[in-house]
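Chemist: how does the following fold in three dimensions:
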Amino acid sequence: QVQLVESGGGLVQAGDSLRLTCAASGGTFSSFYMGWFRQAPGKEREFVATITWRGTKTDYADSVKGRFTISRDNAKNTVYLEMKSLKPEDTAVYYCAAAKAYGGHYYGNYDYWGQGTQVTVSS
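Modeler: Next up is the predicted model:
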């Protein structure tokens, strides 16, 4: 059973940066496609970014492209989400997810989920 634990969320001002970290255990991390999703109050969970198991390819939601960067360190069983130029609309609970096959943008394709970390961006 794969376990994912996110950290790094917090309260920041618009324009600030944050780095989220997701630590994985209990599985072969390097074999999983990894993704970040987020969910704001009253809204559906939405795709943010994904990265292939070797880290050679990434994909982003249009709303974060150019501001967020997903990366992974397979030696540390960790995936990161670097967030810059944060906006109030980025406020949400951010979830890390792992997929046995390419997950893409659809949350239903991901097999394991973390508990989430809150990111709040004030204007």
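
Chemist: quick check: Gly108 is in a strand.
Modeler: No. Inclusion of Gly108 in a strand is not indicated when DSSP: H, G, I helix; E, B strand; the rest coil is applied; the result is helix.

Chemist: which one is the most centrally placed residue in the chain nearest to, not counting chain neighbours?
Modeler: Nearest to the geometric centre of the chain sits Trp36, at 2.3 Å (Cα atoms, centre = their mean). Using Cβ to Cβ, 6 or more residues apart in numbering and skipping residues adjacent in sequence, the residue nearest Trp36 is Val48, 4.3 Å away. Where you see a C-beta, it was placed from the backbone N, CA and C, and this is true even at glycine.

Chemist: got the contact list for Arg19?
Modeler: With contacts taken as Cβ atoms under 8 Å, 6 or more residues apart in numbering, Arg19 has the following neighbours: Gly8, Tyr80, Leu81, Glu82, Met83.

Chemist: counting contacts, what elements does the helix or strand where Leu11 lies pack onto?
Modeler: If you go by DSSP states H and E, Leu11 is part of strand 10-13. Using 3 or more Cβ pairs under 8 Å, 6 or more residues apart in numbering; DSSP states H and E as the contact test, the elements touching strand 10-13 are strand 117-122.

Chemist: who does the strand it packs on pair up with?
Modeler: strand 10-13 (parallel), strand 92-99 (antiparallel) (DSSP bridges).

Chemist: buried stuff in it?
Modeler: For strand 117-122, the neighbour count (16 or more other Cβ atoms under 10 Å) marks Thr117, Val119, Val121 as buried.

Chemist: any chance of TSV for these, columns pLDDT?
Modeler: Conversion of the buried residues of strand 117-122 to TSV gives the following (pLDDT from 0 to 100):
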residue	pLDDT
Thr117	98
Val119	98
Val121	98
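
Chemist: in JSON lines, list these along with distance to Ala61.
Modeler: Below are the buried residues of strand 117-122 laid out as JSON lines (distance: Cβ to Cβ, whole Å):
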{"residue": "Thr117", "distance to Ala61": "18"}
{"residue": "Val119", "distance to Ala61": "15"}
{"residue": "Val121", "distance to Ala61": "16"}
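
Chemist: how near is Phe68 to Gln39?
Modeler: Using Cβ to Cβ, to the nearest Å, Phe68 is found at 16 Å from Gln39.
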